[in-house]
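Participant: just a sequence and a predicted model for now, questions to come.
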Amino acid sequence: MTVEYATVLDRMLRYEKYVYVGKEVRRLDSLEKVIGSAKYTMDFYTEDVYPLRVLFSSKPHALIRSIRVAGEAEKLKALVLTSKDIPGENQVGYYVPDQPLIATNKVRYVGEPVALAVAPDIDRASAAVQYVEVDYEPLPSITDPEESVKSSVKIHENGNIAGSVKVRKGNVEQGFADAHVVVENKYRTGHQDHAYIEPEAAICIPEYPNKYLVIATTQNPFRSRDVVARILGVSHSQVRIVAPFIGGGFGGKDTMGPILCALPALAAHKLRKPVALCFTREESVKYHFKRPPFTIRYKSAADRRGRLTAVEVEYLVDTGGYATQGVALMRRAAFHGTGPYEVPNVKIDGFAVYTNKVPAAAFNGFGNPEILFAAERQMDLLAEELDIDPLDFRVMNALVRGSRTGTNQLLDHSVGVKELIVRVGEASNWYVKRSRGGRTADGKLYGIGVGCGWHGCGTTGVKQDWAGAAVIINPDGSITYRTGIVEIGQGTHTGHATIVAEILGVPLEKVHVETVDTSAVPDSGETHAQRGVMIGGTAAADAAIKLRNRIVKLAAELLECSEEDVEIEQGNIHVRGVPGKSITFKDVAKELYMRGISPAEFGFIKARRGVPDPETGQGDPYAAYSFACCVAEVEVDVETGRVKVLNVVPGLEAGTIINRELVKGQLYGCALMGQGFALSEKVVFKNGVVKLRGLGDYLIPGSKDFPELGEPVYVEDPYRFSAFGAKGAGEVALSATSAAIANAVCNATGLKFTDLPITYEKVYFSIRGG
Amino acid sequence: MKTLMPYFEYVRPSNLEEALNILEKHDGSAEVLAGGTDLLVKLKDKLSYDKKTIIDINRLRELDYVRKADGVLAVGALTRIETLSRSKLVRETAPLLAEVAYEFGTWQIRNTATLGGNLANASNANDYGVALMVLDAKIKLKSVRQEREVSVDKFFLANHKADIRTGELLVEISFPVPSQDCRTAFVKMEGRESSSYPVVNSAALTRLSPSLTIEEVRIAVGGVSPTPLRLRSVEERLRGLSVAEWEEIESVLRDVRNLVNPSSSNVASKVYRAEMSYVYVKRALQAALSRAGFYSSIAGGG
Ligand SMILES: Cc1cc2nc3c(=O)[nH]c(=O)nc-3n(C[C@H](O)[C@H](O)[C@H](O)COP(=O)(O)OP(=O)(O)OC[C@H]3O[C@@H](n4cnc5c(N)ncnc54)[C@H](O)[C@@H]3O)c2cc1C
């Protein structure tokens, strides 16, 4: 059953204007976070919790001959655990069952957990791991994915390909034959670290008789629960995951979450004492999974009039030692590989390839910033060959209502990208500024670039997608709300509360969002894929609609009027057109209890559409897409190669915007993250070891690196099947900003960069022909 | 958010004498805490910490001062970077120190970080190292047993290693106030503006004759060798040159690339650092020269 929630709500609420949706609403947790009372995982740590330390593999690829614990460990009152201590199944693979929680006979990257040590205090736990002696038999290791495909060294028994994806539409040979210009290049993107403020942490408290409460910084409490249950050999109902505030996730705590929960859970299970794991910053930057590098061969073509005729792409995702979500982001990249443009002939092949490096993690954009960097460079190069302005070229090819995507999905509504590009062009004064591209003043080159992105909402590109929510009307009229979507700083909880308050007609401050707890709502999936509001929030709407109907029915009875005439506003219920005839929401709430009418509801929804044909990649991978366009201006210091991003104008089409301030935060966050991805964030490996020591030598942009951030341009083309017509707004802008910045640097320097990040030194040596 | 930290004793002496006695007693197993902006980063990362005691010197008010006597400016080791940026005396006698402060970290960092901590931590790219080198500064170290002074040129032994012996506390930094007609400048390149040690930094001091020949010049560069580097051989070749002969000055400066010995990091490769040592030394010198009254398109630009 698919409900047109947006339409139902419009009809139901009959408001000329919404009270909260689309209005200035202060985020619910702002004060708590400013005064420092907001609780994060380690705030639940107390003296009686046993710290856990992990012995990470020091070898990129090796067999484990034996693990020995020196006698000293016992004197420390420490407990050392290895894979042998796992009572359940030693398996944590995200989509492919290829990954143990603790290595058994082989390690596949530097940083793989080999043993654990728990002790009454951190000093003893730290000392104890030193006493674990691992006898390794080193194997040849592979760091380059292109080499991995050909190599006879097998990282996993089934070979070095973790997964592959295909998209076939039309006939690319014909498309290239019909073309006037064809451009082909090889592109590379690098590892990116999430650099969240809060490092990885989890505390497990064992409960009688065989239950486990885990408080953790995880973006996917339900998968974490399932993995803990699998490791311990218990049922889902014996594990409860609580996710308090999270100090940034960006996808990293999606992939890492289940592992972080399972490590202390195993120790707590053995010890029957609460156990905490908290990575140091150095452990975090060295060992947590990262955005994986892409190697992309991209060929695209256009006809004389400037219409794209064909796109052919082959790419490798360097997924590291394990498949993790590398295989899923590989799929997303394929489904978005054309960019938000109409292309009649498409051939895309993606492969996720194992190497002996830190595994792939989900990271904002999930494969799209990588593939769309290539796609958007190609758009600029084709436009240049055709002598068409690059912004015009994008407008000419943009998807519109009635277009078919690369997977041949028909977009029948909510496709505002063409108007968006035009409007971002206007807002940024594009044509005037573009004419100055490449000019020098005071030893600085000026450049301006445009980039577009799109992002299907939800996880339907790889699996079915559902979410639950729970609403309780308390006897005093206040609302208790529960969701499975976690608060990682993005503000989704405020978005959900807004939806609930708007539908029930109560003041926003009456809605209390509870800490996420897997025992309170059905499996609601992960907090990723721009699904928090579009899917999680629609589950909230589903519950709230059921309760509203109940309230309206009862109020009509109490007010002696027809249900159609009942209006609820800010906690007051009155009869349309009859002033003075009213009752409070609180009174009706009480009456629900008095009459034995249930004051509580679960909401549950499943996303429309799903997983395309595996052979052709044809079908509808996502129910809806959000779109972004960005214009960026840069200045390049010729003498040093230093790039300064001067100005960024972001634009977004994500259906109805529920909360403008929060979405602005997402857009600006994406602008800075895109700047880091495009210019400065780089992870260097030496013998398989990440060379970073902390965030001091990892260059995410700092406050002084901020460009001017322009007022966002919004085009709102509502999606009919979500609450109030909202689509996802969290990730899509990243692809557009990194592409715009890269294009601007190319415009300034006249150089055709193909690899990200375009570091200062890369610019410096490239300008000098090196 | 809480974090796990290794166990250590914490002591907070209330005066210098007490602090020195504690240092002496611990015989190398203690570490000083000043502003903590370097130390805390280290502590949070080392879950097994080899020092057993942290000696907090923040109550040692007697080490927080800027004074001038007999043509010498003396700064206490516990002086905060923010103080250096605001002190009138510093601005009048050694504006270079205020210029470094202006470029240093963020406001929060400047409010807590100390001059002594910056030097004692001895990062090869510490910002005050190069500045104090061109001011010919001396560093005073004190222990229960003795007091000694070392020239800042000799103070840095290697990256993160300074000439501070067991039991010693860095107490004062001093230098002769440069003559009124000297001009100074400080420039740096950061991988990320604002919050870390720079990739390269450089400081210069110059004095021009009325005919625009270089009478005095001192240059130092950081981040490109295991320690900050005073470029005496370059200075020698520049002395006596006229700023009108800019080509010749540049060719001398280009040699800086051969005098440095950088290493690669995640932030920048050694070849790039070497190239930038030349660019930033040139920029520091240009800025100092233009302040010394030499304005021209070559010296002012780029
Ligand atoms: C965000 C950020 C930005 C930064 N930006 C810059 C920058 O722009 N430029 C720059 O150069 N540095 C920068 N730093 C590094 C740091 O702030 C400075 O080096 C600072 O001056 C250190 O001083 P402190 O008082 O905080 O030292 P602490 O951390 O207290 O001490 C550092 C070391 O010196 C020792 N020590 C301190 N005082 C004494 C003493 N009197 N005698 C003997 N030993 C002593 C300590 O034992 C410790 O080993 C930055 C750091 C951070 C975190």
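Facilitator: It's in. Small disclaimer: the values here were computed from a predicted structure and weren't measured.
Participant: is the residue of chain A at minimum distance from the ligand in a helix, a strand, or coil?
Facilitator: For chain A and the ligand, the shortest gap (CB to the nearest ligand atom) falls at residue A:696, measuring 7.4 Å. (C-beta placed from N, C-alpha, C; glycine too.) With DSSP: H, G, I helix; E, B strand; the rest coil as the basis, residue A:696 sits in coil.
Participant: touching, it and residue B:197? I think so.
Facilitator: Yes. Between residue A:696 and residue B:197 there is a contact at 7.1 Å, judged by CB atoms under 8 Å.
Participant: neighbour count winner among these two?
Facilitator: Using other CB atoms under 10 Å in any protein chain shown, the more surrounded residue of residue A:696 and residue B:197 is residue B:197, with 21 against 18.
Participant: so where's the stretch 1-150 of chain B shaky on pLDDT?
Facilitator: Flagging of the stretch 1-150 of chain B using pLDDT under 70 yields the residue ranges B:1, B:47-48.
Participant: just want the residue of it that's nearest the ligand.
Facilitator: Counting by CB to the nearest ligand atom, the stretch 1-150 of chain B gets nearest the ligand through residue B:117, at 2.2 Å.
Participant: for that residue, the count of nearby residues, please.
Facilitator: 25.
Participant: which ones are touching residue 125?
Facilitator: Let's take chain A. With contact taken as CB atoms under 8 Å, 6 or more residues apart in numbering or on different chains, residue A:125 is in contact with A:50-53, A:78, A:117-119.
Participant: that's the wrong chain, I meant chain B
Facilitator: Applying CB under 8 Å, 6+ apart, we find residue B:125 in contact with B:197-201, B:222-223, B:228.
Participant: residue A:257 now?
Facilitator: A:216-221, A:223-224.
Participant: could you dump the residues you listed to a markdown table with neighbour count, pLDDT and secondary structure?
Facilitator: What follows is the contacts of residue A:257, written out as a markdown table (neighbours: other CB atoms under 10 Å in any protein chain shown; pLDDT from 0 to 100; DSSP: H, G, I helix; E, B strand; the rest coil):
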| residue | neighbour count | pLDDT | secondary structure |
| --- | --- | --- | --- |
| A:216 | 31 | 98 | strand |
| A:217 | 31 | 98 | coil |
| A:218 | 33 | 98 | coil |
| A:219 | 25 | 97 | coil |
| A:220 | 28 | 96 | coil |
| A:221 | 29 | 98 | helix |
| A:223 | 22 | 98 | helix |
| A:224 | 29 | 98 | helix |
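Participant: ok, and which of those residues reach chain B?
Facilitator: Here nothing survives when these are matched to chain B using CB under 8 Å from any CB of the partner chain.
Participant: just put these in JSON lines and tack on distance to residue A:140.
Facilitator: Shown next, in JSON lines, are the contacts of residue A:257 (distance: CB to CB, whole Å):
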{"residue": "A:216", "distance to residue A:140": "36"}
{"residue": "A:217", "distance to residue A:140": "36"}
{"residue": "A:218", "distance to residue A:140": "35"}
{"residue": "A:219", "distance to residue A:140": "35"}
{"residue": "A:220", "distance to residue A:140": "35"}
{"residue": "A:221", "distance to residue A:140": "39"}
{"residue": "A:223", "distance to residue A:140": "34"}
{"residue": "A:224", "distance to residue A:140": "35"}
